[in-house]
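Novice: return atomic coordinates for the entry below.
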Amino acid sequence: MKTKSLLLLALAAAMVALPAAAFGHAARGAANSATFQDSTGEDPNAPDITSVAVSNTDAGLITFKININNRPALTSDMSVLLFMDTDQSSSTGDPQGGGTDYVIELDPGQVGLFKWNGSDYAFADSQSSLTFAYDATGATIRVSAADLGRTKALKLVAVAVSGIVTAPNGDADISKAHFDYAPDPGHGFYAYQVTTKLTLSVLAFTTSPKPAKAGKPFIAGLAVNESDTDGPVKSGTIACNASIGSKHVSAAGHAVTNGIAACLWRIPANAKGKTIHGTVTLTVQGTKVTRAFAVKIS
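Specialist: As a prediction, this is how the structure comes out:
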């Protein structure tokens, strides 16, 4: 990174006269995409952003394509920054930045995600989903909505900078730098809706003990990942159904722990030689997964 001083100075410059109520207009494409056009030729010495295209996958991976028509390479004097209000509230985040909650800074060969901590910008705890590329058409940055506070909608400003030099103390000197903002100063933020579809992936389904024991506890459990975090489920609704022969067996308990949705039954003492049949169903935000079992009782 070219040090946090660049972020703060660029932020102050970019956010001047950006009214919170003003929004850029998008040309909609696919359901999960939008393209924002920017004016061109504002500063002939600056990188010229022509448009910003934003899209996201059903799992919430957001792609920002910042098209820059006059900089086929990200040279050592350049940076590309994205300022994002991810909770749609100007009263939270950086008060000098219209409520900016996160900033992404792309420098030659590296990218970083910063989060407003109430008084300053610091590296965000999770950088795991953040990737970048730069080609002749401009910069491509990807980050998960989960790493942006699980945002469902965001406002953004893109900034491309050239003419950055290193001061004697090692800080970035932007006193002679050239900037291009998208949207232009005074035109607010671009607004983008993150549209996701939650999916659940069953990693494993197990029962214990095998075989089931008459008069003893019996457990069936689902290990499940959810797409919005690409990690184990943390909460959900569990339905536990079981029967032995024609008789329904009520669950003694259920829980979601460490990504596993488990149901507990107590096998009747007189059930030896029979079979317990049942299902475990986990529901998270309206999405369901079910697994069935049939286990002999000894």
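
Novice: neighbours of residue 106, how many?
Specialist: 25 (other C-beta atoms under 10 Å). Using the backbone N, CA and C atoms, a C-beta is placed for each residue, glycine as well.

Novice: test my guess that it contacts residue 47.
Specialist: No - contact between residue 106 and residue 47 fails when scored by C-beta atoms under 8 Å: they sit 11.7 Å apart.

Novice: next SSE after the one helix or strand residue 220 maps to?
Specialist: Taking DSSP states H and E as the definition, residue 220 sits inside strand 217-226. Using DSSP H and E, the helix or strand that follows strand 217-226 towards the C-terminus is strand 231-232.

Novice: how many other residues sit next to residue 246?
Specialist: By other C-beta under 10 Å, neighbour count at residue 246 equals 5.

Novice: cool, and the one 3 residues further on?
Specialist: The local packing of residue 249 (other C-beta under 10 Å) involves 20 other residues.

Novice: would you agree it is in contact with residue 275?
Specialist: No - Residue 249 sits out of contact with residue 275 when judged by C-beta under 8 Å, with a separation of 11.7 Å.

Novice: where are the low-confidence patches of the stretch 1-150 of the chain?
Specialist: For the stretch 1-150 of the chain, the stretches flagged by pLDDT under 70 are 1-31.

Novice: so residue 216 makes contact with residue 209?
Specialist: Yes - if you go by C-beta under 8 Å, residue 216 and residue 209 touch, sitting 7.4 Å apart.

Novice: domain parsing for this structure?
Specialist: If you go by automatic domain parsing, the domain ranges for the chain are 4-193, 200-296.

Novice: out of those domains, deepest packed?
Specialist: domain 4-193 (a mean of 18; mean count of other C-beta atoms under 10 Å).

Novice: now the strands: where do they sit in the stretch 151-298 of the chain?
Specialist: 153-162, 165-166, 172-173, 178-182, 189-193, 200-208, 217-226, 231-232, 237-244, 247-248, 253-257, 260-266, 275-284, 287-296 (DSSP state E, counting those that start in this stretch).

Novice: what is the mean pLDDT for the fifth one?
Specialist: Taken as a whole, strand 189-193 has an average pLDDT of 94.

Novice: report the separation between residue 137 and residue 49.
Specialist: The gap separating residue 137 from residue 49 is 11 Å, by C-beta to C-beta, to the nearest Å.

Novice: list the residues that contact both of the two?
Specialist: 67, 68 (C-beta atoms under 8 Å, 6 or more residues apart in numbering).

Novice: now do the same end-to-end measure for stretch 84-101.
Specialist: One end of stretch 84-101 to the other measures 6 Å (C-alpha to C-alpha, to the nearest Å).
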